[in-house]
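Following is a predicted model, sequence given first.
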Amino acid sequence: MRIAVVGASGYVGQVTCQLALGHPRLDLVAVQGQDAAGEPLSAILPGAGADRSGLVVETLGSDLHGAETVILGLPHGLSQELAPDLLGRGVQVIDLGADFRFKDPGEYEFWYGTPHKAVDLLQESVYGLVEVRRAELVGARLIGVPGCYVTAASLGLWPLVARSCIGDELVIVDGYSGVSGAGKGLKASTHFVSVNENLSTYGLLDHRHTGEMEMNLGRRVLFTPHLAPITRGILATSYAVPMEGSKPLMGEGLLELYREIYADSPFVRVVDRPPGTREVLGTNFIAIHPVYDPRTNRYVVISVIDNLVKGAAGQAIQALNVSQGWPEELGLDQLGVWP
């Protein structure tokens, strides 16, 4: 399949190119990115076959060279301008941004502060949280890839939601992300001197990923994101109250519930100890450790992902595989980095 990546100047776009180049059924034929336009792909993506591809980064809006699928790695608001034309030409669109994650245009406007410009496409779009929406993704023409924090927290809590193990009380999520999650654009808060030896909170009370979490979990969510002094990775600690009147699951019984729910999900690892971000670095895996605390009557779930892979580019390729009827793991067997 011929594929194009639009928005390759950023970290997520670059990782998407890396995965596309290593995918046995994808032929990366076009790469676009405003900041890196005119440069060889190998100049912004060392290794990973970029030097052998011969590709040059072109400006946004350039020829897509017959691409059958376009992955958009653009700031919110831009994908909704490009998608109607691409879909009208029979091109599959996978959006790494926020434009096609919500069905309700009001939710998009609430969290992103501007009306949606392609409302008619929201009902056609399929939310790309693969482990939860796998059946809906088959044959999808328009896929909205979930946010990175959202992926970690939603998959961490999903088994408890699916089996009605938690009540309707407020869910609390504390998330910690590496600096690459802030994107490639330079800002004072992501300078080395600001991040090194420092742990800070941002997006307090109004982070845009909160709306997605609430959509997935069907509950109010209090989400607090933190910037960690690491390059990549997300750790989410999620807290939820058991369903009133039910006997909480704990120990091996709780782990077994998670293993059962994710039995057919090759990228989910249910682990018997709290995982760290290094365990999934550079991979499309999510590692999840659920426990129940009888003292506070709370489920506590630790989940970790690589924000650039499972939290973005890898999940896009995974959703693409499912949409095409290919093996879900195709092109996503890269080794992690350890130590």
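Thanks, I have the structure now.

per-residue pLDDT, the closest residue to Val161 other than its chain neighbours?
In this structure, Val161 finds its nearest non-sequential neighbour in Leu217, 5.6 Å apart by CB to CB, 6 or more residues apart in numbering. Yep, even glycine has a C-beta here, placed from its N, CA and C like the rest. Here, the pLDDT recorded for Leu217 equals 98.

what's the neighbour count on Asp168?
Asp168 has 11 neighbours, counted by other CB atoms under 10 Å.

right, and it touches Val221 too?
No - taking contacts as CB atoms under 8 Å, Asp168 lies outside contact range of Val221: 11.9 Å.

list residues touching both of those two?
Counting by CB atoms under 8 Å, 6 or more residues apart in numbering, no residue touches both Asp168 and Val221.

Leu64 against Leu82, yeah?
No - Leu64 lies out of contact with Leu82 (CB under 8 Å); the separation is 10.5 Å.

Next secondary structure after the lowest-mean-pLDDT helix or strand in the chain?
The helix or strand of the chain with the lowest confidence, counting by mean pLDDT, DSSP states H and E, is helix 50-53 at a mean of 76. As assigned by DSSP states H and E, the chain's next helix or strand after helix 50-53 is strand 69-72.

Alpha carbons of the helix or strand following that next one, in PDB - could you do that?
Next helix or strand after strand 69-72 toward the C-terminus (DSSP H and E): helix 79-88. What follows is helix 79-88, C-alpha atoms only, in PDB (Å, rounded to 0.1, in the frame of the first residue of the first chain):
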ATOM      1  CA  SER A  79      -6.700  17.900   9.600                       C
ATOM      2  CA  GLN A  80     -10.400  18.900   9.400                       C
ATOM      3  CA  GLU A  81      -9.500  21.200   6.500                       C
ATOM      4  CA  LEU A  82      -7.600  18.500   4.500                       C
ATOM      5  CA  ALA A  83      -9.700  15.400   5.300                       C
ATOM      6  CA  PRO A  84     -12.800  16.200   3.100                       C
ATOM      7  CA  ASP A  85     -10.800  16.500  -0.100                       C
ATOM      8  CA  LEU A  86      -8.600  13.400   0.700                       C
ATOM      9  CA  LEU A  87     -11.700  11.300   1.500                       C
ATOM     10  CA  GLY A  88     -13.400  12.600  -1.600                       C
END
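
Sheet-wise, list the partners of the next helix or strand after helix 79-88 with their directions.
Tracing the chain past helix 79-88, the next element assigned as helix or strand by DSSP H and E is strand 92-95. Strand pairing for strand 92-95, using DSSP bridges, gives strand 69-72 (parallel), strand 142-144 (parallel).

So which bits of stretch 264-278 are buried?
Of the residues in stretch 264-278, Ser265, Pro266, Phe267, Val268, Arg269, Val270, Val271, Pro275, Thr277 count as buried by neighbour count, 16 or more other CB atoms under 10 Å.

Stretch 278-291 too?
279-291.

what does stretch 136-154 give?
For stretch 136-154, by 16+ other CB under 10 Å, it's 136-137, 140-154.

repeat for stretch 113-121
Here stretch 113-121 shows His116, Ala118, Leu121 as buried, counting by 16+ other CB under 10 Å.

Mind checking the pLDDT average for the helix or strand encompassing the last one?
Meaning Leu121. Using DSSP H and E, Leu121 maps to helix 119-122. In this model, helix 119-122 has a mean pLDDT of 97.

neighbours around Val126, how many?
Per other CB under 10 Å, the neighbour tally for Val126 reads 21.

Pull the distance from the least confident helix or strand of the chain to the chain's centre.
In terms of CA atoms, centre = their mean, to the nearest Å, the centre of helix 50-53 is found 26 Å from the chain centre.

Can I take it that Phe223 is in a strand?
Yes - counting by DSSP: H, G, I helix; E, B strand; the rest coil, Phe223 is found in a strand.

about what we covered before: tell me what the least confident helix or strand of the chain is packed against?
helix 11-21, helix 41-44 (3 or more CB pairs under 8 Å, 6 or more residues apart in numbering; DSSP states H and E).

buried ones in it?
Per 16+ other CB under 10 Å, helix 50-53 contains these buried residues: Ala50, Ser53.

which residues are contacting that helix?
Against helix 50-53 from outside (CB under 8 Å, 6+ apart): Cys17, Gln18, Leu21, Leu28, Pro40, Leu41, Ser42.

wait, what's in contact with the last one?
By that I understand Ser42. Counted by CB under 8 Å, 6+ apart, Ser42 has contacts Ala50, Asp51, Ser53.

Go again with 6 Å.
Counting by CB atoms under 6 Å, 6 or more residues apart in numbering, Ser42 touches Ala50, Asp51.
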